[in-house]
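here is a sequence together with a model predicted from it:
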2 protein chains.
Amino acid sequence: MLPPGEPKFRRRPADRPAEILSAALEVFAERGFQAARLEEVAKRAGVSKGALYLYFETKADLFRAVVTDAVSPNLENVKALASSPVPFEQAVRMGVGMLARKVVTDRRITGVVKLVIAESRNHPELATIWHETVVEPGITLLSGLIAAAQARGEIRPGDPRLYAFGLMGPMVLSMVWRETFEPIGAKPLDVPALAEQHLDTVLKGMRP
Amino acid sequence: MLPPGEPKFRRRPADRPAEILSAALEVFAERGFQAARLEEVAKRAGVSKGALYLYFETKADLFRAVVTDAVSPNLENVKALASSPVPFEQAVRMGVGMLARKVVTDRRITGVVKLVIAESRNHPELATIWHETVVEPGITLLSGLIAAAQARGEIRPGDPRLYAFGLMGPMVLSMVWRETFEPIGAKPLDVPALAEQHLDTVLKGMRP
DNA sequence: TCTTTCTAACTGACCAGTCAGTTATTACTC
DNA sequence: GAGTAATAACTGACTGGTCAGTTAGAAAGA
């Protein structure tokens, strides 16, 4: 009955949490928190449902781990950008360009962002984590750069924070587009091209 | 036991569907489709759970009705804008301004938009409806105006569709901000101010 | 051997959907 | 216009399926 060459299951406690998190991210991103089935997560991770409970206490606990785990790479990006001493326009182009090429096109990230939006009422602590670690530092960094450039006379007057929202908006729209409308057959969106054209337009519009 | 002055229930079949849809919109927007409880919808609509089934066949049917019902006012806005023969810049300012003042600040609409994003995998037909009736017509209208203005030499070369995304992006970001981050105590966003500054910047940047 | 990791069958709470019975409203009668 | 039958609107207790979380014991390793 059982092919004896293939072990019925492998014991790899060191790899399990990451494998489970990866499978859980897929299922949560596809279904949302409530509709996601732990049996499905276990299947994709190659374990039984019971094994999940060796590593995570509850479904909500696993969900929190998935979302908080996905914060860190973005946090790295913000930090890296903050510590690179380049002129204003170059820094903004680097930041938005990175968003377009690395973040918006990465389903694992857009999926989590969608989850944070969708479940912000049921799991506000996750929205708080993303806000405090990624969103607010990112906006603060960007609007700081803008304010400094304004002080040097390189940019027109105007609320730096609103300028930051104006720059980032189309990247958020791109995430929504890829998650919501491309799967149902909408015209695909060329995100790097959008980023480039938008940067050209807005940076020109921001000049005195 | 029962205060005889207050009738145990009122019969108002004509008003019921609208009352149920209104209550359902609230609950679905707060909890999402799966986590929403029909008992809670019934309670807020002032009826029993059984009464819901006199007007809607299933929970999914009620959900579809909520989301499709919320399309129509937006559809009206797009149509009204399409048929007003005003010059390019004025039309764009009217459109984005209307979004900022009427759409982004209306919880009933931002709530439904959030639902469409969140449930697009489980209920793709709703994403399709919104895409076909509101999103694609809106983008087509806007990029058509831009292309015409380019033909008259009023606007620099560039993909009109990407210009449209660049204009609308911050309004989508605003919806996300209000739905996701303001409830957890993030700095409130002055959406009309954002719309105005962004329009000033982008329209300036789009000029030849 | 004993411990750790894992499975598979199980349990119990929850909730969408049902339905037998109740109440309000309308229609009809005298 | 008072009484009464017929109908439409509504209630709330109930049911059956689903699924998060549990557990007894098997498999792997030391």
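Good, I have the coordinates.

which segments of chain A make up each domain?
Taking automatic domain parsing as the reference, chain A has its domains at A:16-66, A:70-206.

does DNA strand D have contacts with the longest one?
The one in question is domain A:70-206. No - against DNA strand D, domain A:70-206 shows no contacts by Cβ under 7 Å from any atom of the strand, the least distance being 13.4 Å. In short, each C-beta sits where N, CA and C put it, glycine included.

next one: the shortest one
Yes - judged by Cβ under 7 Å from any atom of the strand, domain A:16-66 comes into contact with DNA strand D at A:Ala36, A:Arg37, A:Leu38, A:Glu39, A:Lys49, A:Gly50, A:Tyr53, A:Thr58, A:Lys59, A:Ala60.

so which of those residues also contact DNA strand C?
A:Lys49, A:Gly50.

between the residues of domain A:16-66 next to DNA strand D, which is closest to chain B?
Nearest to chain B among those: A:Ala36, at 9.2 Å, using Cβ to the nearest Cβ.

I figured that closest one hits A:Val27, correct?
Yes - assessed by Cβ atoms under 8 Å, A:Ala36 is found in contact with A:Val27 at 4.7 Å.

which ones are touching A:Val116?
A:Val67, A:Leu126, A:Ala127, A:Trp130, B:Thr180 (Cβ atoms under 8 Å, 6 or more residues apart in numbering or on different chains).

export those to CSV and tack on secondary structure and distance to A:Arg107?
Converted to CSV, the contacts of A:Val116 look like this (DSSP: H, G, I helix; E, B strand; the rest coil; distance: Cβ to Cβ, whole Å):
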residue, secondary structure, distance to A:Arg107
A:Val67, helix, 15
A:Leu126, helix, 19
A:Ala127, helix, 20
A:Trp130, helix, 17
B:Thr180, helix, 20
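
reformat the residues you listed as JSON lines; add neighbour count, pLDDT and distance to A:Glu154.
Output for the contacts of A:Val116, formatted as JSON lines (neighbours: other Cβ atoms under 10 Å in any protein chain shown; pLDDT from 0 to 100; distance: Cβ to Cβ, whole Å):
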{"residue": "A:Val67", "neighbour count": "23", "pLDDT": "95", "distance to A:Glu154": "38"}
{"residue": "A:Leu126", "neighbour count": "23", "pLDDT": "95", "distance to A:Glu154": "38"}
{"residue": "A:Ala127", "neighbour count": "24", "pLDDT": "96", "distance to A:Glu154": "34"}
{"residue": "A:Trp130", "neighbour count": "25", "pLDDT": "95", "distance to A:Glu154": "31"}
{"residue": "B:Thr180", "neighbour count": "25", "pLDDT": "97", "distance to A:Glu154": "33"}
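
pipe the residues you listed into CSV and attach distance to A:Met171 per row.
What follows is the contacts of A:Val116, written out as CSV (distance: Cβ to Cβ, whole Å):
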residue, distance to A:Met171
A:Val67, 20
A:Leu126, 20
A:Ala127, 18
A:Trp130, 15
B:Thr180, 15
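
any low-confidence regions in chain A?
Across chain A, the ranges flagged by pLDDT under 70 are A:1-14.

give me the element the single nearest residue of it relative to DNA strand C is part of.
Closest to DNA strand C within chain A is A:Gly50: 2.4 Å, counting by Cβ to the nearest atom of the strand. Using DSSP states H and E, A:Gly50 falls within helix A:49-55.

which secondary structure elements does that helix contact?
helix A:16-31, helix A:38-45 (3 or more Cβ pairs under 8 Å, 6 or more residues apart in numbering or on different chains; DSSP states H and E).

mean neighbour count and distance to B:Met171 added to those helices, as CSV?
Shown next, in CSV, are these (neighbours: other Cβ atoms under 10 Å in any protein chain shown; distance: least, Cβ to Cβ, whole Å):
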stretch, mean neighbour count, distance to B:Met171
helix A:16-31, 19, 25
helix A:38-45, 18, 36
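
those: which one's closest to B:Gly205?
helix A:16-31 (35.1 Å; Cβ to Cβ).

quick one: buried residues of the helix holding A:Gly50?
Buried residues in helix A:49-55, counting neighbours by 16 or more other Cβ atoms under 10 Å in any protein chain shown, are found at A:Leu52, A:Tyr55.

pull the distance from the strand or helix carrying A:Ala149 to the chain's centre.
In this assignment (DSSP H and E), A:Ala149 forms part of helix A:136-151. Put simply, helix A:136-151 sits 21 Å off its chain's centre (Cα atoms, centre = their mean, to the nearest Å).

checking A:Val86 next. Helix, strand or coil?
The local conformation at A:Val86, judged by DSSP: H, G, I helix; E, B strand; the rest coil, is coil.

how near is the closest residue in space to it that isn't next to it in sequence to A:Leu203?
Computed as Cβ to Cβ, 6 or more residues apart in numbering or on different chains, the closest residue to A:Val86 that is not its neighbour in sequence is A:Met94, at 7.1 Å. Separation of A:Met94 from A:Leu203 (Cβ to Cβ, to the nearest Å): 13 Å.

what do these two both touch?
With Cβ under 8 Å, 6+ apart, A:Met94 and A:Leu203 have no common neighbours.

neighbour count winner among these two?
A:Leu203 (18 against 14; other Cβ atoms under 10 Å in any protein chain shown).

what are the buried residues along stretch A:86-99?
For stretch A:86-99, by 16+ other Cβ under 10 Å, it's A:Phe88, A:Glu89, A:Ala91, A:Val92, A:Arg93, A:Gly95, A:Val96, A:Leu99.

how about the closest residue to the last one other than its chain neighbours, what does it touch?
Here the nearest residue to A:Leu99 in space, its sequence neighbours aside, is A:Met171; by Cβ to Cβ, 6+ apart that works out to 4.8 Å. If you count contacts by Cβ under 8 Å, 6+ apart, A:Met171 has them with A:Val96, A:Leu99, A:Ala100, A:Val103, A:Val104, A:Val191, A:Ala195, B:Gly169.

and A:Leu54, by the same measure?
A:Arg16.

still on that earlier bit, can you lay out the residues of domain A:16-66 next to DNA strand D as a markdown table showing distance to B:Val113?
Conversion of those to a markdown table gives the following (distance: Cβ to Cβ, whole Å):
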| residue | distance to B:Val113 |
| --- | --- |
| A:Ala36 | 22 |
| A:Arg37 | 27 |
| A:Leu38 | 29 |
| A:Glu39 | 32 |
| A:Lys49 | 35 |
| A:Gly50 | 39 |
| A:Tyr53 | 36 |
| A:Thr58 | 30 |
| A:Lys59 | 27 |
| A:Ala60 | 26 |
